[in-house]
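J.: I'd like to go over a predicted model; first the sequence, then the structure.
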Amino acid sequence: IGAPSEDMLSDISFVEDVSIAASQLADLERNVEMSLADQMMYLRFGEIRIWSMQMSSGLPSLPTPTGTYKVLTKQELRIGQKYPHYYMPYFQLFTWRGHGIHALPYLANDGGVFWEEALSDIGKPVSHGCVRTLPEDAITVYNFTSVGTELLIY
């Protein structure tokens, strides 16, 4: 009843997996849930899962840490310090050791080849500890979160 507020329109723009009234999301905290066993990420308002996507977590030898974290910083593009200096779009740092959520990585001079190869790895634990998503999903997650958004990884 009545016109939706700007906040309601913003909130409802992320809802993909459920049918829900925008008013039911009011005052619920945004958070992100990640299941390493299923290689799935869920965007949530409170406990309500509103968007799901496949992800790729760390290799068994370089695992993604489990626990509750917060988004510490956000960068539209992060370039890795170590060779081969991966480019990681829509990067969201969640540990000071360098773990983050980001789009599939690529190299500045690979013409997108590495990115395309990484497409087949979504849903498999293949990263160096970060959480990778498809490019379009990375944009959604980046726009959904703010610095301080809670992340639950199990």
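T.: Arrived safely, thanks for sending. Because the structure is predicted, anything quoted here is derived from the model rather than measured.
J.: residue 79 and residue 93, how far apart?
T.: Here the distance between residue 79 and residue 93 works out to 13 Å (CB to CB, to the nearest Å). Every residue, glycine included, has its C-beta placed from N, CA and C.
J.: those two: which is more packed in?
T.: Counting neighbours by other CB atoms under 10 Å for residue 79 and for residue 93 shows that residue 93 has the greater number, 21 against 12.
J.: these two touch, right, the more buried one and residue 70?
T.: No - contact criterion CB atoms under 8 Å: residue 93 and residue 70 do not qualify, at 9.9 Å.
J.: in which helix or strand would I find residue 19?
T.: Remark: residue 19 resides in no helix or strand, with elements defined by DSSP states H and E.
J.: and the longest helix along the chain, what's buried?
T.: Using DSSP state H to define each element, the chain has its longest helix at helix 135-144. Counting neighbours by 16 or more other CB atoms under 10 Å, one finds that the buried residues in helix 135-144 are 137, 138, 140, 141, 142, 144.
J.: before we move on, what about stretch 14-33?
T.: Of the residues in stretch 14-33, those buried under the neighbour-count criterion (16+ other CB under 10 Å) are 14, 15, 22, 25, 30, 31, 32, 33.
J.: next one: stretch 115-128
T.: With burial defined by 16+ other CB under 10 Å, the residues of stretch 115-128 counted as buried are 115, 118, 122, 125, 126, 127, 128.
J.: ends of it, how far apart?
T.: Criterion CA to CA, to the nearest Å; first-to-last residue distance in stretch 115-128 is 15 Å.
J.: repeat that for stretch 70-83.
T.: Start-to-end span of stretch 70-83 (CA to CA) is 27 Å.
J.: could you give the mean pLDDT of that stretch?
T.: For stretch 70-83, the per-residue pLDDT values average out at 94.
J.: what's the answer for stretch 102-113, then?
T.: For stretch 102-113, the mean per-residue pLDDT is 83.
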